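[1] need coordinates for the below:
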Amino acid sequence: MDKNDNEQVASPASVETPSSTVDTSQQRYDSMGDDGSFFVGSLPAEVVRRVNALRNIQAEHHKIEASFFEEVHALECRYLSKYQPLYEKRLNIIKGAYEPTEEESKCAFDEDETDEQAKKDKEAEGKKDEGTTVGIPEFWLQVFKNSDVLSELIKEQDEEVLKHLIDVRITMKNEANEKGFTIEFEFTPNEYFTNTVLTKFYELRTGPDEHEPLAYEGPEIIKSKGCEIQWNKGKNVTMKMVKKRQKHKNRGTIRVVTKEVQTDSFFNFFTPPTVPEDPDAEMEDSDEMRMLAADFEIGHMLRDSIVPKAVLYYTGEVADEDDGEYDEEGDEDDEDDDDDDDDDDDHDDDEHEGQAAPRGGHHHHHGSGGKHGPGGKSRGGKQGGAGQQQPECKQQ
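    Numbers count the residues shown, from 1 in each chain. Below you'll find the model as predicted:
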């Protein structure tokens, strides 16, 4: 990590001077006593001054903590190269380019449980035709289906496409003005799109938010950027055709037209909601906030759990680590918005429902202040492997 990186973290604008930290949140700080939960504003002036001094000390503490996380991020970037040979071997086994040796296929830690099963497997193996299966077919599709979070995104039309997915890897970015990670999805040639690799970039903020420096809890994902999928004609699984009945307002005649509308799909993952560039702007659409929270959650899980532990998801030996962090919420009624299409003086009646779900098809109800929401945290963890970069799709 270079000197400039340290300087950037050590002196965020929000805590350059003691007065700036106190003043930015003083109004909120003084107004929180109505319900009796916060009483500092009612203390004597000299005590308030001392508390403010402690708050400035806390801001200095956050600066040091941010420097620590800067180093953690740099360390993760360095260790990514150490994982790389393992991920390359995993890829080669999955796609059938490498056949593991007998020794490599033995799991010593399973011996006690599988002695008897091994004999049965060996007998069954002799009855099979050898060499009929190449690699591990549909490996990543099964990995995703064994994740509760990802399986919710996968629709029936997605499965045939995801059978062509042969690798998912992580690359890291650690520049002075931008830090984050990219998830790369590599596909074999297929009938659905011409891209070889689809990408999703997640930008990290490792230091305190200059608008709320005292709320710092570590690195957080602040935005994501997908890529453009080059769909072949008639193969876009994020769209569907629906028939609509249009009734002429004056003549009363009815005609049926076919329209293309957006539908739920895993591949909406590559067109995430846009985070406002203005830091003071707020997302008013609660659905978009939920989708953004879900998107950040998925990026975090792919990087820290699913990619590094893919085989354990494949076998079902592990599950999503965050399942227990959220309480079940009541079911929400789906509300379908009517499409009001003005076609001259025609009035539309849907013959089939054509209203698409929000982009991404994410239905997780984690609040925007949650671990993976806008401002949600993505603390350092083991990273997935980084293969050769193949810029097959344009960043949106």
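
[2] alpha carbons only for contacts and neighbour counts from here, please
    Noted.

[3] tell me where the stretch 51-200 of the chain has helices.
    Counting by DSSP state H, counting those that start in this stretch, the stretch 51-200 of the chain has these helices, from start to end: 111-127, 139-145, 148-151, 156-162.

[4] and the ones you listed, which one is worst for confidence?
    Sorting those by mean pLDDT places helix 111-127 lowest, at a mean of 60.

[5] ok, so what distance separates Lys106 from Pro100?
    10 Å (C-alpha to C-alpha, to the nearest Å).

[6] let me fix that: Ile183
    27 Å.

[7] and Tyr202, by the same measure?
    From Tyr202 to Pro100 the distance is 34 Å (C-alpha to C-alpha).

[8] now do Val47
    The value you get for Val47 to Pro100, if C-alpha to C-alpha is used, is 69 Å.

[9] likewise for Gln58?
    54 Å.

[10] look at those two and report which has more neighbours.
    Gln58 (16 against 13; other C-alpha atoms under 10 Å).

[11] surely Leu150 meets Gln142?
    No - contact between Leu150 and Gln142 fails when scored by C-alpha atoms under 8 Å: they sit 10.5 Å apart.

[12] run through the bridge partners of Thr182.
    Beta bridges link Thr182 to Thr171, Phe201 when assigned by DSSP bridges.

[13] hmm, it is touching Thr171, no?
    Yes - look at Thr182 against Thr171 with C-alpha under 8 Å: they come within range, at 5.2 Å.

[14] dump the residue contacts of Asn92.
    Tyr98 (C-alpha atoms under 8 Å, 6 or more residues apart in numbering).

[15] so Lys244 sits in a strand?
    Yes - per DSSP: H, G, I helix; E, B strand; the rest coil, Lys244 lies within a strand segment.

[16] Gln157 reaches Lys235, doesn't it?
    No - counting by C-alpha under 8 Å, Gln157 stays clear of Lys235, with 9.9 Å between them.

[17] where does pLDDT dip in the stretch 151-300 of the chain?
    278-285 (pLDDT under 70).

[18] that one: strands as residue ranges?
    165-174, 179-187, 197-205, 220-225, 239-248, 254-262 (DSSP state E, counting those that start in this stretch).

[19] packed most tightly, which of the ones you listed would that be?
    Scoring the strands of the stretch 151-300 of the chain by mean neighbour count under mean count of other C-alpha atoms under 10 Å gives strand 220-225 as the most buried, with a mean of 24.

[20] taking strand 179-187 as reference, get the angle to that strand.
    Put simply, strand 220-225 runs at 40 degrees to strand 179-187, going by axes from the mean of the first three to the mean of the last three C-alpha atoms, to 10 degrees.

[21] use 17 as the first number for this chain going forward.
    Yep, numbering from 17; the last one is strand 236-241 now.

[22] extract the CA atoms of strand 236-241 and return them as CSV.
    The C-alpha coordinates for strand 236-241 follow below in CSV (Å, rounded to 0.1, in the frame of the first residue of the first chain):
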residue,chain,number,x,y,z
GLU,A,236,-18.9,-1.1,3.0
ILE,A,237,-20.2,-1.7,-0.5
ILE,A,238,-21.5,1.6,-1.8
LYS,A,239,-22.4,0.9,-5.4
SER,A,240,-22.4,-1.8,-8.1
LYS,A,241,-22.1,-1.8,-11.8
